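A.B. asks: Let's see this in three dimensions:
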Amino acid sequence: MELNLNLNITSDSEPRAIADAIVKTLDSKLAEDIKLLRVEEQTILADYFIICCGSSTTQVRALANEIEYQTGRCGVNPRNMEGVDTANWIVVDYGCVIVHIFDRQSREFYNLDNLWRDSENIDLSPLLK
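C.D. replies: Numbers count the residues shown, from 1 in each chain. A predicted model of the protein is given here:
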């Protein structure tokens with residue numbers, strides 16, 4: 001069954017709108033422990049990082065594929081996607097938003113949550129079901 005999330009974003013959308021759309025997509029596919037961090041004060045890499053995990057490498061891969069599919073339907077395509085083969089840590093780069101999708105063990109090992117702890121942690125309760 002195909003999800004129609006009605007993301008309402010375009011390639012001209014603000015970074016926060018793109019990040020919110022990705023968070024909604026991840027939530028719709030049951031991603032775990034989703035975090036949205038505003039990192040623009042700490043790095044030039046992106047305005048936002050999204051960190052989440054899946055319960056298995058199969059789910060990690062499915063999460064990455066779903067955000068690529070749903071955002072692509074709106075004309076917002078990632079610049080790059082890395083890690084799909086192993087699916088322990090997939091990085092989906094939208095330029096202004098970088099998505100890190102981990103399996104549980106890799107998330108604990110790399111501990112990006114702690115590495116970027118000085119970033120603003122955005123409240124996601126309005127976006128999550």
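A.B. asks: Using the three-state scheme, assign the residue most central in space within the chain.
C.D. replies: Residue closest to the average C-alpha location in the chain (C-alpha atoms, centre = their mean): residue 99, at 3.4 Å. At residue 99 the chain is in strand, as set by DSSP: H, G, I helix; E, B strand; the rest coil.
A.B. asks: which ones are touching the nearest residue to residue 119 once chain neighbours are set aside?
C.D. replies: Closest residue to residue 119 in three dimensions, ignoring its sequence neighbours and counting by C-beta to C-beta, 6 or more residues apart in numbering: residue 37, at 4.1 Å. Backbone N, C-alpha and C define where each C-beta goes, glycine included. For residue 37, the set of contacting residues under the criterion of C-beta atoms under 8 Å, 6 or more residues apart in numbering consists of 48, 49, 50, 51, 116, 119, 120, 121, 122.
A.B. asks: Tell me which residues are up against stretch 41-54.
C.D. replies: Counting contacts by C-beta under 8 Å, 6+ apart, the residues outside stretch 41-54 that touch it are 15-16, 19, 22-23, 26, 31-40, 60, 62-63, 93-104, 106-107, 112-113, 116, 118-120, 122.
A.B. asks: same thing but at 6 Å, please
C.D. replies: 15, 19, 22, 26, 31-40, 60, 63, 96-102, 104, 107, 112, 119 (C-beta atoms under 6 Å, 6 or more residues apart in numbering).
A.B. asks: mind listing what's buried in it?
C.D. replies: 46, 47, 48, 49, 50, 51, 52, 53, 54 (16 or more other C-beta atoms under 10 Å).
A.B. asks: Give me the distance between the second one and residue 5.
C.D. replies: Residue 47 sits at a distance of 22 Å from residue 5 (criterion: C-beta to C-beta, to the nearest Å).
A.B. asks: mind checking which helix or strand of the chain has the lowest mean pLDDT?
C.D. replies: When the helices and strands of the chain are compared on mean pLDDT, DSSP states H and E, helix 112-115 comes out lowest with a mean of 94.
A.B. asks: Tell me the bridge partners for the residue nearest to residue 119.
C.D. replies: Residue 37 has these beta-bridge partners by DSSP bridges: residue 49, residue 121.
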